[in-house]
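Student: quick one, what's the 3D model for this:
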Amino acid sequence: MHGIVHKTLKEYVVERTDDGTWDTVVEQSGLEPQLYLPVTNYDDEEIDAILETLSTMATQDRHEIERDFGRRLAPELLSTFSAHIRRDWELADLLADLEGVYNDIDTATEEATLPELACARESDHAIVTYDTHRGHQYCGLAHGILDGLVAAFDADATVTKTACVDDGDGACRFHVDLE
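Tutor: Sure, this is the predicted structure:
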């Protein structure tokens, strides 16, 4: 997984707790402490272990932790990949060209293996379809990233999950209502 995810997950935990709690999470996850660089790729198992440990420690549903983290991750992704996004875009513009932006990022990040993403844009909404080859689907994370994009663009929009692999669907789908 792209290093920006690992780096931001650490920041997310430290912001909500402290450095000592992050150290405890890493230890309880069975990982070695390390510095996460945003341009390096890391093993998905590290994210899985940290999210599972957080879920256990916080006695909170993993999907909710993923979604909350996704909200925090969205602005970091926008900043990291800003060269692929026009400055004058609003949320509707980003969604209209989401697949193009995503393909540009996929090409630019040769070593990273990104999930499959599609977006069908209508006049007042978009349907975003998300599927990954990973062992864990990260549906909550995808949902949170979409929530975070709405917030980052200060858009009057809502995101609703309409299908999920965890419920037996072939992919996760989200309806983004552009009110």
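Student: quickly find the element holding residue 176.
Tutor: Using DSSP states H and E, residue 176 sits within strand 172-178.
Student: got it, and residue 149?
Tutor: Using DSSP H and E, the element containing residue 149 is helix 139-152.
Student: the longest helix along the chain to helix 139-152, inter-axis angle?
Tutor: In terms of residue count, the longest helix belonging to the chain (DSSP state H) is helix 62-80. Per axes from the mean of the first three to the mean of the last three C-alpha atoms, to 10 degrees, the angle that helix 62-80 makes with helix 139-152 is 50 degrees.
Student: pull the CA atoms of helix 62-80 into PDB?
Tutor: Output of helix 62-80 as PDB, limited to C-alpha atoms (Å, rounded to 0.1, in the frame of the first residue of the first chain):
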ATOM      1  CA  ARG A  62     -13.200  -1.600  12.200                       C
ATOM      2  CA  HIS A  63     -15.400  -0.200   9.400                       C
ATOM      3  CA  GLU A  64     -16.100   2.900  11.500                       C
ATOM      4  CA  ILE A  65     -12.400   3.300  12.300                       C
ATOM      5  CA  GLU A  66     -11.600   2.900   8.500                       C
ATOM      6  CA  ARG A  67     -14.200   5.500   7.600                       C
ATOM      7  CA  ASP A  68     -13.100   8.000  10.100                       C
ATOM      8  CA  PHE A  69      -9.500   7.500   9.000                       C
ATOM      9  CA  GLY A  70     -10.500   7.800   5.400                       C
ATOM     10  CA  ARG A  71     -12.000  11.300   6.200                       C
ATOM     11  CA  ARG A  72      -8.500  12.300   7.500                       C
ATOM     12  CA  LEU A  73      -6.700  10.600   4.600                       C
ATOM     13  CA  ALA A  74      -8.700  12.400   1.800                       C
ATOM     14  CA  PRO A  75      -7.000  15.800   2.100                       C
ATOM     15  CA  GLU A  76      -3.600  14.100   2.200                       C
ATOM     16  CA  LEU A  77      -4.400  12.300  -1.000                       C
ATOM     17  CA  LEU A  78      -5.600  15.500  -2.600                       C
ATOM     18  CA  SER A  79      -2.300  17.300  -1.600                       C
ATOM     19  CA  THR A  80       0.000  14.400  -2.600                       C
END
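Student: other SSEs contacting that helix?
Tutor: Counting contacts by 3 or more C-beta pairs under 8 Å, 6 or more residues apart in numbering; DSSP states H and E, helix 62-80 is packed against helix 3-16, helix 44-58, helix 139-152. Every residue, glycine included, has its C-beta placed from N, CA and C.
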